[in-house]
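Asker: sequence and computational prediction follow.
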Amino acid sequence: MSKRFYITTAIDYVNGQPHLGHAYEKVVADVIARAHRSLGEEVFFLTGLDEHGQKVQQAAQAEGKDPQAYCDELAAVWQEFVARLNVSNDDFIRTTQPRHKQVVQAMLAKLHRIGELYKAPYRGLYSPRQETFLTEKDRRPDGTFDPIYGEVFELIEDNWYFRMSRYQSWLIEHIETHPSFVQPDNRRNEVLGFLRAETLDDLCITRPKARLSWGIPLPFDPDYVTYVWFDALSNYFSVPTALGDPAGTEPLAGDYELPAAASAPPLLWPADVHLIGKDILKFHAVYWPIMLKACGIALPRQVLVHGWWQKDGAKMSKSTGNVVDPIAVTGDWGVDAFRYYVVRELDIGPDANWTDAGFQARYHAELANGLGNLVNRSLSMLRRYRGGAVPARSDELAPDAQSVAADAADAWRRHNLQRALIRTWDLVTRANQFVDQTAPFKLAKDPAQSQRLDTVLYNLAEVCRVLAVLLWPFLPDAAARLYSQLGLSQAPDRIADAAWGGLPRGHRIGEPTPLFPRRDVQGPPR
Ligand code: MSP
């Protein structure tokens, strides 16, 4: 068995409801996962939830619930959310699962055994009301703290530290010699700039149980639980290890025993892509590689960093009501319209701004009038003029289709998703022009043009088929509906099927129905 292409998203904090940012990240990861599957690779796609830590403990307390029961309720909401977005994840990790906790404890046990951890006093400013440590930077200009913190005083408590600082020059060299480790380049430069300018401290990786109990117990000191970021980052590795991947179990040999030996474990580790937002770059590009290096575990191949969404030019915030509810949008416009807009609008890297007007403009111009109109008129004419039977093969649009398919596949491989959509729409535009130029409705009136009409109808139907294949990673539902309207029973999920000439002569297409119905701006679909 060969190693699978392994992609992950950040795991979301369970305290709260899913929003546009979470949906965006999952859709982007899903497009990449589906693209690799279409390219013929075996893929493993992991997403999930970050369930431990103070925020969750406090949120559960505020609702008078046991933290586990609180997480279980919300986990159902989040899993439903992922399903609604048509996300094709292979597994869903929750950090409260025993399979995860066992691996985290094994990593900690190993680090302890090999002398990478030490216990030392931590001295800091502490707010009992918020149960949090503060720093000098949290002071207001007049030197006081915000009243939400209540009384703030100096606290000294013992904690366990991870000897992270000793890996600083190794990490700089690793990032310098592996340019694709952090992408895009501006994020790579940001990490390098930080690592060159500042001295890394050792990382405090515990919290005393007396203060915070909702975490993974430290295997060698019962008074402590694990710092939530150490716990959360490890999810990417705990799942492959718990599934029996030798790249996970071997480095932990002696510290970890696989509960039930998997007969043919998937080969997943190292991860190929960790997709994350820009706010959590330091955790993924500094802490995580050092944790792995110290444990003797191979490093992931890439941390891929996306930008943040705003709405109407302002930060999204529940308190001001300035939010986009992805579930409402998918309910209203369809999941593919949502997927299309977020991937087409925002390249992986920069920030973006959601406006309802921008969303609707793309829906109408690109989905309804561009793609939808092409498919609908092409298939309707084939039914009207040829009873739905595909004419003999013709290669007039083959060069356009093949050049777009090659560029799109290349863009998929480079995870340049916006570029792939732009090129795919070049084919939509070309085929719509072809309809206008050849005017099949006129040809149909002239029996002498019957052969020309055959040629035009073949090219249009075949372009629609190729488009379904190119659209599948992005718009899986529309692509499947398009294939079924073409009378094809398989899924358009193999890029190899984008080769020209797939529709055989005499094949009967199905019933065309609008893929993306035109709509009045406020009203229901027409
Ligand atoms: N639990 C941590 C991640 C641990 S990963 C080992 C966390 N959770 S989060 O729920 O706050 O964020 C999850 C992901 O959503 C992050 O990658 C974050 O960048 C992303 N986004 C949150 N808000 C966003 C936008 N407004 N726009 C785009 N992505 C955003 O951080």
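Answerer: Sure, I can see it.

Asker: does residue 223 touch residue 209 like I think?
Answerer: Yes - between residue 223 and residue 209 there is a contact at 5.5 Å, judged by CB atoms under 8 Å. In this view, the C-beta of every residue, glycine as well, is placed from N, C-alpha and C.

Asker: which one of these two is surrounded by more residues?
Answerer: Comparing residue 223 with residue 209 by neighbour count (other CB atoms under 10 Å), the higher total belongs to residue 209, at 16 against 12.

Asker: so who does that one touch?
Answerer: By CB atoms under 8 Å, 6 or more residues apart in numbering, the residues touching residue 209 are 217, 222, 223, 224, 225.

Asker: measure it to the ligand for me?
Answerer: According to CB to the nearest ligand atom, to the nearest Å, residue 209 stands 21 Å off from the ligand.

Asker: and for residue 345?
Answerer: 12 Å.

Asker: that residue - nearest residue in space that isn't next to it in sequence?
Answerer: Using CB to CB, 6 or more residues apart in numbering and skipping residues adjacent in sequence, the residue nearest residue 345 is residue 352, 5.7 Å away.

Asker: averaged pLDDT, whichever strand or helix holds residue 337. What do you get?
Answerer: Residue 337 belongs to helix 335-345 when assigned by DSSP states H and E. In this model, helix 335-345 has a mean pLDDT of 98.

Asker: then stretch 41-58?
Answerer: In this model, stretch 41-58 has a mean pLDDT of 95.

Asker: tell me which residues in that stretch are buried?
Answerer: Buried residues in stretch 41-58, counted by 16 or more other CB atoms under 10 Å: 43-58.

Asker: of the residues you listed, list those near the ligand.
Answerer: Contacts with the ligand are made by residue 50 out of the buried residues of stretch 41-58, judged by CB under 6 Å from any ligand atom.

Asker: can you tell me which of the buried residues of stretch 41-58 are in helices?
Answerer: Under the assignment DSSP state H, the buried residues of stretch 41-58 contribute 54, 55, 56, 57, 58 to helices.

Asker: name the nearest of those relative to the ligand.
Answerer: Of all those, the ligand sits closest to residue 55, with 9.3 Å by CB to the nearest ligand atom.

Asker: where in the stretch 51-200 of the chain is pLDDT low?
Answerer: Judged against pLDDT under 70, the stretch 51-200 of the chain has no low-scoring part.

Asker: who are the contact partners of the residue lying farthest from the centre of the chain?
Answerer: What lies farthest from the middle of the chain is residue 448; by CA atoms, centre = their mean that is 53.6 Å. For residue 448, the contact set (CB under 8 Å, 6+ apart) is empty.

Asker: and residue 120, that's in a helix?
Answerer: No - read with DSSP: H, G, I helix; E, B strand; the rest coil, residue 120 is strand and lies in no helix.

Asker: so the residue of the stretch 151-300 of the chain at minimum distance from the ligand bridges to which residues?
Answerer: Nearest residue of the stretch 151-300 of the chain to the ligand (CB to the nearest ligand atom) works out as residue 277 at 1.7 Å. Here residue 277 sits in beta bridges with residue 306, going by DSSP bridges.

Asker: i'd like the first residue to be 26 from this point on
Answerer: All right, first residue 26 from here; so that's residue 302.

Asker: what about it, how many neighbours?
Answerer: Applying other CB under 10 Å, I find that residue 302 has 18 neighbouring residues.

Asker: for it, give its distance to residue 274.
Answerer: Distance of residue 302 to residue 274, computed by CB to CB, to the nearest Å: 31 Å.

Asker: next one: residue 463
Answerer: Look at residue 463 and residue 274: by CB to CB, they are 62 Å apart.

Asker: who has more neighbours out of the two?
Answerer: In this view residue 463 and residue 274 are compared by other CB under 10 Å, and residue 274 has more residues nearby, 22 against 19.

Asker: pop out the phi and psi values for the more buried one.
Answerer: Phi and psi for residue 274, reported as degrees, to the nearest 10, are phi -70, psi -40.

Asker: pretty sure it contacts residue 266?
Answerer: Yes - with contacts counted by CB under 8 Å, residue 274 reaches residue 266, the gap being 5.8 Å.
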